[in-house]
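Enquirer: Below is the sequence, then the predicted model.
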Amino acid sequence: MAGLAALSVDVPLARWCARGNCPGDLAKLFDLAESFAHGAGIAVIVLAIYLLHPAGRWRMPRLVAMTLAAGLAANLVKLCIARARPRAFDLELSVWDTFQGWFPLTSAGSAGQSLPSAHTTTAVAFAIGLVWAYPRGRWLFPTLALLAACQRIHAQAHFLSDVCWGIGLGSFIGFGFLRGWLCPRWLERWEASIWRDSEPNDDAETEPADARRQAA
């Protein structure tokens, strides 16, 4: 619903960004936050968690799986709906002209793959997974995902509506993995195996099933 509402301001907002109206310091903050939505940045964060928090390693399979699934889902949607990116579109035209057909597959190229924002979808699913793993970051991780989403608009890579739909898709996949209805059984068994094989220590965590119930 937010994506539909955003259609009314998509082009004016893109035009505002194209004119360089965003304050410099805020633009730098957006650019830095992109790493939270980029594969390389996410890989570094996951590696840091793996090395610094051994007791939480059993969460890694689900965290990585939901993040990868979100990015894959966004890219699959791009193959079904062709929409021009702001930087490849005449911003004097109507927002409806940004939509350029159904099922373009790869023929539209990157310039025609604006919907949805894969960066935003990935960042939102990743943030949901991190909040599940580290509840104390319930404000930090979503804020980073939001800043990454703003960067996509500022960089003229996506319209506001693309970002909104990315948030929706990322939330659907993230919560689907946490609640279990998108999470395959073999992944749950893998988590349980990692948890059982971990050495008991003072930082020991609750069993995966108990932690999921607490998160729900």
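Expert: Good, I have the coordinates.
Enquirer: what residues are up against residue 166?
Expert: 74, 116-121, 124, 149, 158 (Cβ atoms under 8 Å, 6 or more residues apart in numbering). Heads up, the C-betas are built off the backbone N, CA and C, glycines and all.
Enquirer: how about a markdown table for those residues, with pLDDT and secondary structure added?
Expert: A markdown table is the format used below for the contacts of residue 166 (pLDDT from 0 to 100; DSSP: H, G, I helix; E, B strand; the rest coil):
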| residue | pLDDT | secondary structure |
| --- | --- | --- |
| 74 | 97 | helix |
| 116 | 96 | coil |
| 117 | 96 | coil |
| 118 | 96 | helix |
| 119 | 96 | helix |
| 120 | 97 | helix |
| 121 | 98 | helix |
| 124 | 98 | helix |
| 149 | 97 | helix |
| 158 | 97 | coil |
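Enquirer: of all those, which comes closest to residue 40?
Expert: Nearest to residue 40, judged by Cβ to Cβ, of the contacts of residue 166 is residue 119 at 12.2 Å.
Enquirer: Could you give the number of residues near the closest one?
Expert: Look at residue 119: counted by other Cβ atoms under 10 Å, it has 27 neighbours.
Enquirer: so what's it up against?
Expert: 34, 37-38, 148-149, 151-152, 157, 166.
Enquirer: Between those residues, which sits nearest residue 23?
Expert: For the contacts of residue 119, the nearest to residue 23 is residue 151 (13.9 Å; Cβ to Cβ).
Enquirer: correct me, but the closest one touches residue 33?
Expert: Yes: contact criterion Cβ atoms under 8 Å: residue 151 and residue 33 qualify, at 5.7 Å.
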